[in-house]
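> sharing a model that was predicted from the sequence below.
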Amino acid sequence: MSGTWNLSISPDTVCYLIIKAREFDAKDVVSEVDPASNATDDRMISVLEDQPDDPVESELESTILAMNEDEQIDLVALCWLGRGDDTVDDWERIRAEAAEAHNEHTAAYLIGTPLLADYLEEAMAEFGESCQDYEKGRL
């Protein structure tokens, strides 16, 4: 198989998820036990902490849950490809394994995967894709 993108999920969607996963991974443990009623009163620290009602986690989860089954399978397969265990030449097998493992816990699995953004970025590179153009378009 060549390294050309021929997946159900668009590169733009993967780039969006990479950005959100990086935002989510950057969160720190909660240090303010009793935060102020106004975020500016506590110097916006709560935005950088891993809160139970984290909007970034909600965005990640809702985006993944809104995907159809094929897109979710592609996303899991991209994550696995990006770990470096296989190459893009093994894509059909990786995707078949992801399809076999697919269940209703895909969002939780991916959000709980350390280095998710790095894995997705590596997988995109295997396909000759980059998020540079996507990131420029958002600025």
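Structure's in. What do you need?

> would you map the helices across this structure?
11-25, 55-66, 69-82, 91-101, 106-111, 116-126, 132-138 (DSSP state H).

> state the number of residues packed around residue 115.
14 (other CB atoms under 10 Å). For every residue, glycine as well, the C-beta is placed using N, CA and C.

> ok, it - contacts?
residue 25 (CB atoms under 8 Å, 6 or more residues apart in numbering).

> and the gap between the residue nearest to the spatial centre of the chain and residue 110?
Closest to where the C-alpha atoms of the chain average out (CA atoms, centre = their mean) is residue 17, at 4.1 Å. Residue 17 sits 8 Å away from residue 110, going by CB to CB, to the nearest Å.

> ditto for residue 119
On the measure of CB to CB, residue 119 and residue 110 end up 10 Å apart.

> where do the contact lists of those two overlap?
With CB under 8 Å, 6+ apart as the test, residue 119 and residue 110 both reach residue 79.

> and for the residue nearest to residue 107 when sequence neighbours are not counted, the neighbour number?
Excluding its sequence neighbours, the residue lying closest to residue 107 (CB to CB, 6 or more residues apart in numbering) is residue 64, at 4.0 Å. If you count neighbours by other CB under 10 Å, residue 64 ends up with 21.

> give me the pLDDT for residue 64.
At residue 64, the predicted lDDT confidence score is 96.

> now do the same contact list for it.
Taking CB under 8 Å, 6+ apart as the definition, contacts of residue 64 comprise 17, 72, 75, 106, 107, 110, 111.

> for those, give me TSV that also has distance to residue 23 and pLDDT.
Formatted as TSV, the contacts of residue 64 follow (distance: CB to CB, whole Å; pLDDT from 0 to 100):
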residue	distance to residue 23	pLDDT
17	11	95
72	21	98
75	17	97
106	20	96
107	16	95
110	14	95
111	12	92
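
> by neighbours, which of those residues wins?
Busiest of those [other CB under 10 Å] is residue 75, holding 26 neighbours.

> wait, that residue sits on residue 10?
No: with contact defined as CB atoms under 8 Å, residue 75 does not count as touching residue 10 (11.0 Å).
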